[in-house]
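# Okay, here's the prediction I keep looking at, along with the sequence it came from:
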Amino acid sequence: MYEIFEQLLQKNGATPYKVSKATGISQTTFSSWKQGKLTPKIDKMQKIADYFGVSVDYLMGNEVEENKKNYYYLDEEARDVLREIKINDKLRVLVDATKKLEPSDIEFIINMAKKLKKDNK
């Protein structure tokens, strides 16, 4: 499994650190997988598969060809944002909650988030 993970890292220009931050899986866990000390649990494998847009079967080496879940994105940043929303339940809830809001309400939330970020520095 780790060999396929490394191939996906290289193909997508990602690093274990970046995947760790996006999925919440520690770099220590990745290291343990690489050394064969731990076997990945299905929930963590699913997060990695979602991050790369592949199936768990592909990640486990059971599919010969990569599952074509990689959709067209305008750019790398948009792809990364969409991946983060997909794997982060809280962000997904936030995005879902804004779907039915008026543009002025969304602007209010953005300004509030900016103020919170500024206050926490």
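Right, received. Where do you want to start?
# what mean pLDDT would you report for the host helix or strand of L82?
If you go by DSSP states H and E, L82 is part of helix 76-87. Confidence for helix 76-87, expressed as mean pLDDT, is 79.
# which other helices and strands contact it?
Judged by 3 or more Cβ pairs under 8 Å, 6 or more residues apart in numbering; DSSP states H and E, the packing partners of helix 76-87 are helix 16-23, helix 42-52, helix 89-98. To be clear about C-beta, it is placed using only N, CA and C from the backbone, and glycine gets the same treatment.
# List the contacts of it.
Contact partners of helix 76-87, identified using Cβ atoms under 8 Å, 6 or more residues apart in numbering, comprise 13, 22-23, 47, 50-51, 53, 73, 91-92, 95.
# quick one, that helix and helix 16-23 angle?
50 degrees (axes from the mean of the first three to the mean of the last three Cα atoms, to 10 degrees).
# Redo the helices and strands packed on helix 76-87 as TSV? Include distance to Y2 and mean neighbour count.
Converted to TSV, those look like this (distance: least, Cβ to Cβ, whole Å; neighbours: other Cβ atoms under 10 Å):
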stretch	distance to Y2	mean neighbour count
helix 16-23	10	16
helix 42-52	11	18
helix 89-98	26	11
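# Serialize those to JSON lines and add fields for distance to N111.
Formatted as JSON lines, these follow (distance: least, Cβ to Cβ, whole Å):
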{"stretch": "helix 16-23", "distance to N111": "26"}
{"stretch": "helix 42-52", "distance to N111": "31"}
{"stretch": "helix 89-98", "distance to N111": "14"}
